[in-house]
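Visitor: Okay, here's the prediction I keep looking at, along with the sequence it came from:
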Amino acid sequence: MIRKLSILDRSRIRRGSDGPAALRDTVALARRAEALGYRRFWVSEHHSVPGVAGSAPTVLAAAVAAATERIRVGTGGVMLPNHQPLVVAEQFGVLESLFPGRIDMGLGRSVGFTGGIRRALGRDTADAEAFEDRLAELLGWFDGNRKDHPEVHARPAEGLRIPAFVLATGEGAGIAARAGLPLVVGDVRNRERVLELIGSYRREFRASAWGERPYVIASGTVAVAATTEAARQLLVPEAWSMAYARTHGSFPPLVPAEEVAGLAMSAKERELFEKAMAGHIHGTAERVAADLAELADATGADELLVTTSAYDREALLDSFTRLARLAGL
């Protein structure tokens, strides 16, 4: 069983509600996560997504940190290709200065998922391909070793050592290894691919000022309830949003699970929905404990980052509570 548990929240919007309410829910969930003993609480970056309110992760992280006292707060992640590394360093320098010893800098290499969003951000796919260079530049602003800009200093970031993490998709594992940074590997359902990424990361890891040894965070959806069916129902709204997005090109707000059950899905929607439902860790506490123990044995992960979304907020909070209890937090 992985004993270090953390939460990544994407500020999902529920139908009948709105973005401001979703952001307030995120802050409230962070308070609950702290009370339950979770290690970290991370927020994400998404642009122009109807069903997601989390578009400015460093701003939201500041609100979360201000509303909590002990839990580590960070990003899962800031999409570095969307931003100038100097500005990212300054933002995290401000966060660490205000909340010393509590800030994590999770970094991803994705760009906006449509051409319109990329144009609005002033970015293109080449920026994602340059992620390793941009990561080195970002870390250099903290080190104060920018030979290409000796007259420029990232204040108040320079001299600070904020834990940095690389979110792995494809080349991300190798980049994390070469930089000597912890690795966050997503979607543990694809076990073969996950093990491949973790294995290559550990083999290629180079100790650095940012990390002395490999550190792996496995990320996935976990739902715990009194019954297996109740846990499964928690997964339904998110799975339908995924299926809808892949057939209609727009990621919608979450709807109740019982409403999804009554939909007349097309063959393609049904296929995508079932695929989105498959493989997640869910069930009673006993079943989930066994599955998490198997995941820990297979991956050797140091930590688990839970990313569960659900329409029924009270059931979601209950799931996080049950998960914390079975992990002994």
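Guide: Yep, that arrived.
Visitor: shaky segments in the protein?
Guide: Within the chain, the segments meeting pLDDT under 70 span 113, 126-128, 170.
Visitor: So which residue is smack in the middle of it?
Guide: Taking Cα atoms, centre = their mean, the centroid of the chain lies closest to Gly76, which sits 3.6 Å from it.
Visitor: Surely that one and Phe41 touch.
Guide: No - using Cβ atoms under 8 Å, Gly76 is not in contact with Phe41, being 9.5 Å away. In short, each C-beta sits where N, CA and C put it, glycine included.
Visitor: Helices along the stretch 151-300 of the chain, start to end?
Guide: Using DSSP state H, counting those that start in this stretch, the helices of the stretch 151-300 of the chain run over residues 172-179, 191-204, 228-248, 257-261, 267-277, 285-299.
Visitor: I'd like to know which elements the fifth one is packed against.
Guide: In this structure, helix 267-277 packs against helix 228-248, with contacts taken as 3 or more Cβ pairs under 8 Å, 6 or more residues apart in numbering; DSSP states H and E.
Visitor: for the helix it packs on, packing partners?
Guide: strand 222-224, helix 257-261, helix 267-277, strand 281-283, helix 313-327.
Visitor: what's the burial count for the residue lying closest to Arg213 once chain neighbours are set aside?
Guide: Counting by Cβ to Cβ, 6 or more residues apart in numbering, Ala207 is the residue found nearest to Arg213 once chain neighbours are left out, at 6.9 Å. Using other Cβ atoms under 10 Å, the number of residues around Ala207 comes to 10.
Visitor: what's Ala207 sitting at in phi/psi?
Guide: Backbone geometry at Ala207, expressed as degrees, to the nearest 10, gives phi -60, psi 140.
Visitor: related to what we said a few turns ago, wait, which of the helices and strands packed on helix 228-248 is closest to Asp124?
Guide: helix 267-277 (27.8 Å; Cβ to Cβ).
Visitor: quick one: that closest one to helix 228-248, angle?
Guide: Interaxial angle, helix 267-277 versus helix 228-248 (axes from the mean of the first three to the mean of the last three Cα atoms, to 10 degrees): 130 degrees.
Visitor: Now do the buried residues in helix 267-277.
Guide: Buried residues in helix 267-277, counted by 16 or more other Cβ atoms under 10 Å: Glu269, Leu272, Phe273, Ala276, Met277.
Visitor: coming back round to it: I'd guessed the residue nearest to Arg213 sits against Gly180; true?
Guide: Yes - Ala207 is within contact range of Gly180, at 5.5 Å (criterion: Cβ under 8 Å).
Visitor: Can you get me a residue count around the closest residue to Tyr215 other than its chain neighbours?
Guide: Take Tyr215 and drop its neighbours on the chain: the residue closest to it by Cβ to Cβ, 6+ apart is Pro182, 3.9 Å away. For Pro182, the neighbour count with other Cβ under 10 Å is 23.
Visitor: again with Gly115
Guide: By the criterion of other Cβ under 10 Å, Gly115 has 10 neighbours.
Visitor: With Arg287 instead?
Guide: Using other Cβ under 10 Å, Arg287 has 14 other residues around it.
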